[in-house]
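Q: attaching a predicted model along with its sequence, questions to come.
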There are 2 protein chains.
Amino acid sequence: MVSAPLSAPEISKDGKERLRLWIRLLRASRTIEAELRERLKRDFDTTLPRFDVMAALYRAPEGMLMSDLSRFLLVSNGNITGIVDRLVSDGLVTRSRRNGDRRTSMVRLTEEGIALFRRMAAAHEAWIGELLGGVSEEETRRLANMLKSFRSNWEGKE
Amino acid sequence: MVSAPLSAPEISKDGKERLRLWIRLLRASRTIEAELRERLKRDFDTTLPRFDVMAALYRAPEGMLMSDLSRFLLVSNGNITGIVDRLVSDGLVTRSRRNGDRRTSMVRLTEEGIALFRRMAAAHEAWIGELLGGVSEEETRRLANMLKSFRSNWEGKE
DNA sequence: GATGATTATTTCAAGCTTGAAATTTCAGGA
DNA sequence: TCCTGAAATTTCAAGCTTGAAATAATCATC
């Protein structure tokens, strides 16, 4: 890690503080994500995006549309297509075209998908407990509350 | 019901709370990242990884090794190779092999790269100020401190 | 100086990601 | 019915990402 000379023009101290917050936020989530990715690969031979899709579907036993998935997971439509394709070809997920609207397809976990996800979710929760173990319960609640409010502050403004 | 299990439910509740924190952390950083990506593309026709590499190099006028870059940015070696390749072919960055150790190459911003980065950095800082605008200065400091400590708690333990 | 281990980097396949264009289907009006 | 526009999804090119294997150079030890 390199220390910064960077005698930049005097910008607001506020801005610098927010920048620092953003960088820490990003580094924290990247570090945790990397660790989760590695463990998912090691223990379940799968990826984080696949886990995310399965987690979303597990919460919706009645199924989700492709567009529901992409909105919920904050990724593009085309992205979801590829991930679901691979999950389908592994027998973990089904696409069923509906009679009502033939443009849409309902995506659901298969029995095998449900069983696998339950195992992964248990491991995942334990990992998070371990990785965030240094954060006290009190701090956890406070952090979670701050993050909740700060997201809603600007989202969807444009 | 004479003796209810005390520890198990408590641990599980803790875990749930940490899981919630992780999900919020992830959603916050993904949402901001998506917004930054879009604006970098729109205003500078570039990408977030390219911006990240240039930011790292800007802080190190003497240059950085490829391995320094990948360590600092928390990404793989092979990844950096591709991004630097494209920056070089755009004239924003140079690779110079050193006399001392011919395995390594020093990566530096060109004059053009420095000028471009300055413009991008100003816009970037303003964007962060806007996107995190809802967080008070007091909260910003507290959040940043929590994130700092929580990261160091488990990192590099294995 | 030869040899084997180590280090820095590149290459590669597979998968992820976006944004834009194309496709298919639906809905509403002339 | 036939249009036209909107909506859901897929396709595609370009770039990002990892992890593993390959290359090349250096280092340590004899």
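A: Nice, I can see it.
Q: chain A: helices as residue ranges?
A: A:13-44, A:48-58, A:66-73, A:77-89, A:111-131, A:137-152 (DSSP state H).
Q: tell me the contacts of the residue in chain A positioned nearest to DNA strand D?
A: Among the residues of chain A, A:Gly78 lies closest to DNA strand D, at 2.5 Å counting by C-beta to the nearest atom of the strand. C-betas here are computed from N, CA, C, even on glycine. By C-beta atoms under 8 Å, 6 or more residues apart in numbering or on different chains, no residues touch A:Gly78.
Q: what's the burial count for the closest residue in space to A:Arg119 that isn't next to it in sequence?
A: By the measure of C-beta to C-beta, 6 or more residues apart in numbering or on different chains, the closest residue to A:Arg119 outside its immediate chain neighbours is A:Phe44, 7.6 Å from it. Using other C-beta atoms under 10 Å in any protein chain shown, A:Phe44 is surrounded by 16 other residues.
Q: again, but for the one 5 residues further on
A: Around A:Pro49 there are 17 other residues, counting by other C-beta under 10 Å.
Q: that one contacts A:Ile83, correct?
A: Yes - contact criterion C-beta atoms under 8 Å: A:Pro49 and A:Ile83 qualify, at 5.3 Å.
Q: re earlier: now do the residue of chain A closest to DNA strand D, the pLDDT please.
A: For A:Gly78, the model assigns a pLDDT of 96.
Q: A:Asn145 too?
A: Reported pLDDT for A:Asn145: 81.
Q: show me the shaky parts of chain A.
A: Applying pLDDT under 70 to chain A flags the ranges A:1-14, A:149-158.
Q: in it, what residue is nearest DNA strand C?
A: For chain A, C-beta to the nearest atom of the strand, closest residue to DNA strand C: A:Gly78, 2.7 Å.
Q: in chain A, which residue is closest to the centre?
A: The residue lying closest to the centre of chain A (C-alpha atoms, centre = their mean) is A:Asp52, at 5.7 Å.
Q: measure that residue to B:Asp85 for me?
A: A:Asp52 sits 30 Å away from B:Asp85, going by C-beta to C-beta, to the nearest Å.
Q: burial count for A:Cys117?
A: Careful, residue A:117 is Phe; it's not Cys. By other C-beta under 10 Å, neighbour count at A:Phe117 equals 21.
Q: in space, what's closest to it - neighbours in sequence excluded?
A: In space, A:Phe117 comes closest to A:Met54 once its chain neighbours are excluded; the distance is 4.7 Å by C-beta to C-beta, 6+ apart.
Q: what of A:Lys148?
A: Closest to A:Lys148 by C-beta to C-beta, 6+ apart is B:Arg24, at 5.9 Å.
Q: tell me the spacing between the one you found and A:Arg108.
A: Counting by C-beta to C-beta - B:Arg24 and A:Arg108 are separated by 27 Å.
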